[in-house]
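S.K.: Provided below are the primary sequence and the corresponding predicted coordinates.
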Amino acid sequence: MIFFQNTFEEAEASFRSQMKILEEEVARYKVTPFSFRRLAGLIIVGQHFNAESKRRYRKEQELILGALHDLGMLRTRDHLGTLPNKQGRSGPSSSWLAQQRKNVSLPMSIRVGN
C-alpha cells in the first residue's frame with residue numbers, strides 16, 4: 001500500500017508542477033493593452049519587411065533572368081558564327097550591299113583591272 005501512495009503523491013506533485021508551469025505560460029501570453037499595441041507595431045514592421053523582401057526578390061530575379069538571357073544570346077550567336085568582333089561589327093560581310101560598298105571604296109585602277 002505504501003508503494004501506491006508514494007506513486008500517487010509523485011503523480012500529484014508532477015501534475016501540480018505542470019499546472020503551475022502552464023499557468024505561468026498563460027499569464028505570459030495574456031494580452032494587455034500595452035502588449036497589444038506592441039504586437040500591432042511588430043505586425044506592421046513585419047509587413048513592411050515582407051514587402052521589402054518581396055521587392056528585393058523580384059529585382060534579383062529580374063537581374064538573374066537578364067543575365068541568363070544575355071548568356072543564351074551569346075551562345076546562340078556563337079553557334080551561328082555572328083559574334084561581334086572587338087570593333088563592334090560582325091565578321092566579314094558577304095551580303096550584296098556590303099560587297100557594293102567595298103567595291104565603291106576601292107581605287108579605280110583595281111576595279112577596272114588595269
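M.R.: That came through fine.

S.K.: Walk me through the domains of this protein.
M.R.: The record's domain parsing of the chain by automatic domain parsing lists 1-30, 33-85.

S.K.: out of the ones you listed, nearest to Ala98?
M.R.: domain 33-85 (13.6 Å; C-beta to C-beta). Every residue, glycine included, has its C-beta placed from N, CA and C.

S.K.: In three-state terms, label Lys20 for me.
M.R.: Three-state call for Lys20 (DSSP: H, G, I helix; E, B strand; the rest coil): helix.

S.K.: quick one: it and Gln100, what's the gap?
M.R.: 98 Å (C-beta to C-beta, to the nearest Å).

S.K.: Likewise for Gly66?
M.R.: Taken as C-beta to C-beta, the span from Gly66 to Gln100 is 38 Å.

S.K.: coming back round to it: now tabulate the domains of the chain in JSON lines and tack on mean pLDDT.
M.R.: Shown next, in JSON lines, are these (pLDDT from 0 to 100):
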{"stretch": "domain 1-30", "mean pLDDT": "82"}
{"stretch": "domain 33-85", "mean pLDDT": "79"}
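
S.K.: Adding mean neighbour count and distance to Ser94 as columns, could you present those in a markdown table?
M.R.: What follows is the domains of the chain, written out as a markdown table (neighbours: other C-beta atoms under 10 Å; distance: least, C-beta to C-beta, whole Å):
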| stretch | mean neighbour count | distance to Ser94 |
| --- | --- | --- |
| domain 1-30 | 9 | 79 |
| domain 33-85 | 10 | 11 |
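
S.K.: out of those domains, nearest to Val104?
M.R.: When these are compared by C-beta to C-beta, domain 33-85 sits nearest Val104, at 22.6 Å.

S.K.: Is Ser94 in a helix, a strand, or coil?
M.R.: Classification of Ser94 by three-state DSSP places it in coil.

S.K.: Give me the number of neighbouring residues for it.
M.R.: 7 (other C-beta atoms under 10 Å).

S.K.: The helix or strand hosting Asn103 packs against which elements?
M.R.: Per DSSP states H and E: Asn103 is located in helix 96-105. Using 3 or more C-beta pairs under 8 Å, 6 or more residues apart in numbering; DSSP states H and E as the contact test, no helix or strand touches helix 96-105.
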